[in-house]
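A.B. asks: Show me how the following folds:
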Amino acid sequence: MFENLQNKLSAVFDKLAARGKLTEQDVDVALREVRLALLEADVNYKVVKDLVGRVRERAVGAEVMRSLTPAQQVVKIVHEELLRTLGEPSKLDLSGSAPHVVMLVGLQGSGKTTLSAKLALALRKSNRRSLLVAADTYRPAAVTQLEILGKQLDIPVFSEGTKVPPPEIVRHALQRSREGAYDVVILDTAGRLQISDDMMAELEAIKALAKPQEVLLVADAMTGQEAVNVARGFHERVGLTGLVLTKVDGDARGGAAISMREVTGVPIKYLGVGEKLDALEPFHPDRLATRILGMGDMLGLIERAGETVDRAEAERMSRKLVKGDFNLDDFLKQLQQIKKMGPIGQLLDMIPGMGRVTKDIAPDVTDKHIYRIEAIINSMTRDERYEPRILNGSRKRRVARGSGTSVQEVNELLGEFRQMQRLMKQLGSGGRGSRGGLMDMFR
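C.D. replies: Prediction:
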């Protein structure tokens with residue numbers, strides 16, 4: 001998400017940096033391009049107008065014009081105003097006595113059912129016991145889907161089929177939650193258009209009955225300009241307390257994130273960043289703003305590493321690095337640890353400056369490269385992984401056939417591995433202070 005916007009804004013700021021001192025005309029030309037970039041990213045035109053207006057008011061002041069680095073000052077102002085538009089970070093309100101009710105609403109196909117399971121899993125990590133409630137009786141598969149997800153995660157699901165009216169299902173579920181001493185009740189309601197009066201009235205009835213602490217609008221990040229009307233319609237009828245954007249890892253233009261927050265005034269609380277059930281992240285406006293401006297998100301990368309990388313394995317690998325005993329089997333395990341963190345392209349975008357380097361690379365190229373490496377190493381015997389020097393011509397041909405690659409690709413992998421092995425030995429011999437490298441970051 002935001003890849004096109006990020007590239008266009010980077011190009012604008014590069015042009016400003018090349019000019020040195022800036023005139024008011026230079027700023028106007030740059031902001032015209034910023035305006036177009038935001039509109040193309042599907043940010044609502046009124047939101048764009050307000051944002052660019054605030055930036056211009058500050059950017060043509062003495063603070064920028066007399067600065068030694070005016071282009072950097074403009075970037076700083078855009079960053080600050082973007083943060084202002086995205087709002088403050090906000091957590092779920094789980095105050096007061098249990099059970100705490102979280103009601104999910106949104107259009108059909110926005111991902112509410114999957115989001116219900118993701119949210120329950122995220123809450124379990126903070127020792128909260130959740131009860132999932134299948135209150136979507138209009139799509140029969142929704143009840144089955146939620147039951148399957150609950151079984152997969154070992155999280156209980158309350159369902160009464162598709163014949164019982166949703167308000168009654170919710171009433172019975174609340175009674176069950178009190179009996180079972182659940183901390184959180186997550187209501188998966190049916191998808192509906194915000195202009196459907198009957199369906200919206202049903203939501204109002206469920207809200208009046210359940211008295212939820214949170215009413216979250218689950219919105220597809222690819223909604224586009226219609227996002228404003230959707231958010232406004234739901235907010236007027238049921239009073240939203242937060243927004244959740246799904247499918248953020250796709251090729252969405254991303255304007256929905258900026259537009260809905262500005263129009264409703266309610267905070268974005270979560271981002272769905274993948275299809276896996278643990279691919280849900282709390283929303284950090286400062287991190288998203290820096291990524292939009294091509295500054296990366298190192299904090300997000302380190303947090304993701306801390307959640308997915310096996311610490312015991314990291315300790316074991318550090319000891320092997322000191323001894324210079326790094327083999328292809330270790331290399332494979334490290335790749336598998338990295339894969340757990342998410343798509344490689346997504347990880348590279350979180351490293352400052354890497355977004356520009358990788359923008360011309362097809363999204364799946366880096367991931368395909370890892371799969372190819374895994375296939376090659378998995379086609380080797382245990383002895384060949386531990387001692388790659390025994391790989392002669394006939395062995396390499398066998399490995400190439402087994403992995404569906406060529407001997408040239410096998411040789412390329414071995415060459416890359418030897419370079420990495422030499423680097424690891426240098427790090428290991430550099431003493432305790434330099435030995436960890438990336439592994440220390442992952443602890």
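A.B. asks: Could you look up the SS state of residue 104?
C.D. replies: Secondary structure, DSSP: H, G, I helix; E, B strand; the rest coil: residue 104 is strand.
A.B. asks: Same check on residue 128?
C.D. replies: On the three-state scheme (three-state DSSP), residue 128 is labelled coil.
A.B. asks: can you pull the contacts of the nearest residue to it once chain neighbours are set aside?
C.D. replies: Spatial nearest neighbour of residue 128, excluding adjacent residues (C-beta to C-beta, 6 or more residues apart in numbering): residue 183 at 4.4 Å. No exception for glycine: its C-beta is placed from N, CA and C like everyone else's. Counting by C-beta atoms under 8 Å, 6 or more residues apart in numbering, residue 183 makes contact with 94, 98, 99, 100, 123, 128, 129, 130.
A.B. asks: Can you report how many residues lie near residue 21?
C.D. replies: Residue 21: 11 surrounding residues under other C-beta atoms under 10 Å.
A.B. asks: Now do the SS call for it.
C.D. replies: Residue 21 is classified as coil under three-state DSSP.
A.B. asks: quick revisit: of the contacts of residue 183, which is the most crowded?
C.D. replies: residue 130 (27 neighbours).
A.B. asks: thinking it is in contact with residue 181, fair?
C.D. replies: No - at 12.0 Å, residue 130 does not count as touching residue 181 under the criterion of C-beta atoms under 8 Å.
A.B. asks: circling back to that earlier point, format the contacts of residue 183 as CSV; extra columns: distance to residue 56 and pLDDT.
C.D. replies: Formatted as CSV, the contacts of residue 183 follow (distance: C-beta to C-beta, whole Å; pLDDT from 0 to 100):
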residue, distance to residue 56, pLDDT
94, 41, 89
98, 49, 86
99, 49, 91
100, 44, 95
123, 43, 95
128, 45, 94
129, 51, 95
130, 47, 96
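A.B. asks: for these, which one is nearest residue 406?
C.D. replies: Taking C-beta to C-beta as the measure, residue 406 lies nearest residue 123 of these, at 48.3 Å.
A.B. asks: and that closest one, what does it touch?
C.D. replies: 92, 130, 183, 184.
A.B. asks: And the residues you listed, which is the shakiest by pLDDT?
C.D. replies: Lowest in pLDDT among the contacts of residue 123 is residue 92, which has 91.
A.B. asks: Who is the closest residue to it other than its chain neighbours paired with across the strands?
C.D. replies: Closest residue to residue 92 apart from its sequence neighbours, by C-beta to C-beta, 6+ apart: residue 214 at 5.7 Å. Residue 214 has these beta-bridge partners by DSSP bridges: residue 102.
A.B. asks: what pLDDT does residue 214 get?
C.D. replies: 95.
A.B. asks: What part of this protein, helix or strand, is modelled with the least confidence?
C.D. replies: helix 438-441 (a mean of 39; mean pLDDT, DSSP states H and E).
A.B. asks: low pLDDT regions in this structure?
C.D. replies: Scanning the chain for pLDDT under 70 picks out 1-3, 20, 62-69, 250-254, 291, 294-324, 341-367, 423-443.
A.B. asks: which residue is nearest the middle of it?
C.D. replies: Nearest to the geometric centre of the chain sits residue 273, at 3.2 Å (C-alpha atoms, centre = their mean).
A.B. asks: Hmm, it is touching residue 283, no?
C.D. replies: No - counting by C-beta under 8 Å, residue 273 does not reach residue 283; the two are 10.6 Å apart.
A.B. asks: Buried residues, stretch 150-158. List them.
C.D. replies: Neighbour counts over stretch 150-158 (16 or more other C-beta atoms under 10 Å) mark 150, 153, 155, 156, 157, 158 as buried.
A.B. asks: In TSV: these, plus distance to residue 44 and secondary structure.
C.D. replies: Formatted as TSV, these follow (distance: C-beta to C-beta, whole Å; DSSP: H, G, I helix; E, B strand; the rest coil):
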residue	distance to residue 44	secondary structure
150	37	helix
153	36	helix
155	37	coil
156	40	coil
157	37	strand
158	38	strand
